[in-house]
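In: how would this look folded up:
(chains A and B)
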Amino acid sequence: DAGVIQSPRHEVTEMGQEVTLRCKPISGHDYLFWYRQTMMRGLELLIYFNNNVPIDDSGMPEDRFSAKMPNASFSTLKIQPSEPRDSAVYFCASSFGRPGTTDTQYFGPGTRLTVL
Amino acid sequence: AQKITQTQPGMFVQEKEAVTLDCTYDTSDQSYGLFWYKQPSSGEMIFLIYQGSYDEQNATEGRYSLNFQKARKSANLVISASQLGDSAMYFCAMRDLYSTLTFGKGTMLLVSP
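Out: Numbers count the residues shown, from 1 in each chain, chains lettered A, B, ... in the order given. Model prediction:
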């Protein structure tokens, strides 16, 4: 079975540009999570969805960040406009079942974003 | 709020030896789950092992075992017979009943020949 798929794997852009990160969760999983990893702050949850509905976006750093999940097999994380401090690795993860149960989150390979 | 503490920034072990990576956690909930993930230099996050707070037996998955001491709020990862491919960053994470994963800062493990 395919795991979580993310694209692109690497993105280099200039400050002020719009960036769109994409994620395809594992088929059948009804929870999707977006994380950001930096050296300074470690792994942080940005937002998560249940059945395509955003449940908790308290981790989204600013209004420049937005996320959507138009259907069960696709989600996007958009940064507009991007800034150098947004440079990080962005992970998408998915799981089956309600958070807080035994269900494990499986991570995609990540997108390494560099904003110049 | 949940908190995960990994006090070892780096650990060194020789091939074929066992190593223990420490993890302590803080939560006021009775029901929670503890996870370990491996992040090799390639960057992906690989799930290793899970322990539920009500599980009486320590979890094991191949060469990985979780030394769960509930009263001490610790969930140490034990890797037996280390291999060169075990060199990676290891993250401990906790999920309680109504929240998502909280990660520790990680421990970098280096396995030498």
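
In: Which residue, other than its chain neighbours, is closest to the residue in chain A that chain B sits nearest to?
Out: The nearest approach of chain A to chain B comes at A:Phe107, 3.8 Å away (Cβ to the nearest Cβ). For every residue, glycine as well, the C-beta is placed using N, CA and C. With Cβ to Cβ, 6 or more residues apart in numbering or on different chains as the criterion, A:Phe107 has its nearest non-adjacent residue at 3.8 Å, and that residue is B:Met45.

In: what sits against B:Asp86?
Out: B:Asp86 makes contacts with B:Lys38, B:Ile79, B:Leu109, B:Val111, as judged by Cβ atoms under 8 Å, 6 or more residues apart in numbering or on different chains.

In: Name the SS class of A:Arg85, please.
Out: With DSSP: H, G, I helix; E, B strand; the rest coil as the basis, A:Arg85 sits in helix.

In: Dig out what the residue of chain A closest to chain B forms beta bridges with.
Out: A:Ala93 (DSSP bridges).

In: about what we covered before: most neighbours of all the contacts of B:Asp86, which one?
Out: B:Ile79 (24 neighbours; other Cβ atoms under 10 Å in any protein chain shown).

In: State the distance from that one to B:Asp29.
Out: B:Ile79 is 28 Å from B:Asp29, where distance means Cβ to Cβ, to the nearest Å.

In: so which strand or helix has A:Ser66?
Out: Assessed by DSSP states H and E, A:Ser66 sits inside strand A:65-71.

In: Is the next helix or strand after that strand in proximity to chain B?
Out: Moving toward the C-terminus from strand A:65-71, the next helix or strand (DSSP H and E) is strand A:74-79. No. Judged by Cβ under 8 Å from any Cβ of the partner chain, strand A:74-79 stays clear of chain B, getting no closer than 15.5 Å.

In: So in that sheet, which strands flank strand A:74-79, and in what orientation?
Out: Strand A:74-79 is paired, per DSSP bridges, with strand A:19-24 (antiparallel), strand A:65-71 (antiparallel).

In: neighbours around the closest residue to chain A within chain B, how many?
Out: Nearest residue of chain B to chain A: B:Met45, at 3.8 Å (Cβ to the nearest Cβ). Here the number of neighbours of B:Met45 (other Cβ under 10 Å) works out to 25.

In: Over to it: give its phi and psi.
Out: Geometry field for B:Met45 lists phi and psi as phi -100, psi 120, criterion degrees, to the nearest 10.
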